[in-house]
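1. could you look at this predicted model? Sequence included:
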Number of protein chains: 2
Amino acid sequence: MSKSRKNMGRHSRIRSDHATEVAEDYAEAIAEIVELQGTCRAVDLARHFEVSHVTVNRTISRLVRDGLVKTEPYGPVALTAGGKRLAQAARGRHSVVFDFLVAIGVDPGIAKVDSEGIEHHVSGETLEAMKAFLRRPEGR
Amino acid sequence: MSKSRKNMGRHSRIRSDHATEVAEDYAEAIAEIVELQGTCRAVDLARHFEVSHVTVNRTISRLVRDGLVKTEPYGPVALTAGGKRLAQAARGRHSVVFDFLVAIGVDPGIAKVDSEGIEHHVSGETLEAMKAFLRRPEGR
DNA sequence: GTCAAAGTGTAGCCTGTGCTACAAATCGGA
DNA sequence: TCCGATTTGTAGCACAGGCTACACTTTGAC
């Protein structure tokens, strides 16, 4: 991340936000797993994302470096305050996108997959438009 | 691309489709530039995506390798038949997503940026739902 | 308590996408 | 025609994200 993200143009911003996407996905997944199981281990994330534990390991290192996650050798993975904030924000966006897709008639199974990809590219304005749509009385 | 994409799970598929996204973006951009200027040079793409010409160069090499693009040393960049097909498909999806966002009330400027990110994550089913929405008589 | 299974860490490899710096080619205008 | 500006090519670096192979801890069943 040599440029300061703020000074990036639209296109390069779109491309280089992959790191952020990954961070959001991980934060969301960790929050979810902790909620379900009490703690989250690396192997849970490996299974969740269907990648090797090595990849998870290094991603977690980056998240630790970026202050989103706490962990100890051979110990579980936990979100920091910042990580929790990120997870909650991602979750909020995710659920709006999901509900929205279902509202326009997409099958929930499809909507689940698509919303995971779409959520990272939805601006605040578009999210508001989706929320507004969901508030319409006519419904779907 | 060691795994055959077909055998990938949802999550890994989502992640590893970045190469495809880039290919679609380039195909779309090349088609657009050719339409506007007659030919497309590497420098046009560099300006379009706001990346260095070196990055464009190597990306084009990959597209050539993948049979989407034709080019010669110091020559312009042209799409192969496959590249044109990809460009057209991407363009179609892009315009549906853009029109859809505008239809639900998103500012066109915002919709332009968001649709570029979203288009790659929209399944055929979701695209159909968007098209169906656009066909509604009530309009927005 | 021991030992195997499960989980985690580390080394080393590949590809993709970004860059700077420098070299070579092409093209236009004087 | 020639020279400088533009464009393209190449070398080499960094980092993210994927992997396999192998080593080491933890944990649980016996």
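-> That came through fine.

2. alpha carbons only: can I get the helix or strand containing residue A:46 in CSV?
-> Using DSSP states H and E, residue A:46 sits in helix A:42-49. Taking Å, rounded to 0.1, in the frame of the first residue of the first chain, the C-alpha atoms of helix A:42-49 are listed here in CSV:
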residue,chain,number,x,y,z
ALA,A,42,-7.3,-21.1,12.4
VAL,A,43,-8.7,-24.4,11.2
ASP,A,44,-12.2,-23.1,11.3
LEU,A,45,-11.3,-20.3,9.0
ALA,A,46,-9.5,-22.7,6.7
ARG,A,47,-12.6,-24.8,6.4
HIS,A,48,-14.8,-21.7,6.1
PHE,A,49,-12.9,-20.2,3.2
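
3. list the contacts of it.
-> When contacts are defined by CB atoms under 8 Å, 6 or more residues apart in numbering or on different chains, helix A:42-49 is touched by residues A:25-26, A:29-30, A:33, A:37, A:52-53, A:55-57, A:59-60, A:77, B:11-12, B:15. From N, CA and C alone the C-beta is placed, and that goes for glycine too.

4. kindly recompute the last result at 7 Å.
-> A:26, A:29, A:33, A:52-53, A:56-57, A:60, A:77, B:11-12 (CB atoms under 7 Å, 6 or more residues apart in numbering or on different chains).

5. buried ones in that helix?
-> A:42, A:44-46, A:48-49 (16 or more other CB atoms under 10 Å in any protein chain shown).

6. that helix: how far from the chain's middle?
-> In terms of CA atoms, centre = their mean, to the nearest Å, the centre of helix A:42-49 is set 15 Å apart from its chain centre.

7. wondering if it reaches DNA strand C at all.
-> Yes - Helix A:42-49 is in contact with DNA strand C by CB under 7 Å from any atom of the strand, via A:42-43, A:46.

8. what is the mean pLDDT for that helix?
-> Averaging pLDDT along helix A:42-49 yields 98.

9. touching chain B at all, the helix or strand just after that helix?
-> Next along the chain after helix A:42-49, taking DSSP H and E as the criterion, comes helix A:53-65. No - applying CB under 7 Å from any CB of the partner chain, one finds helix A:53-65 separated from chain B by no less than 9.8 Å.
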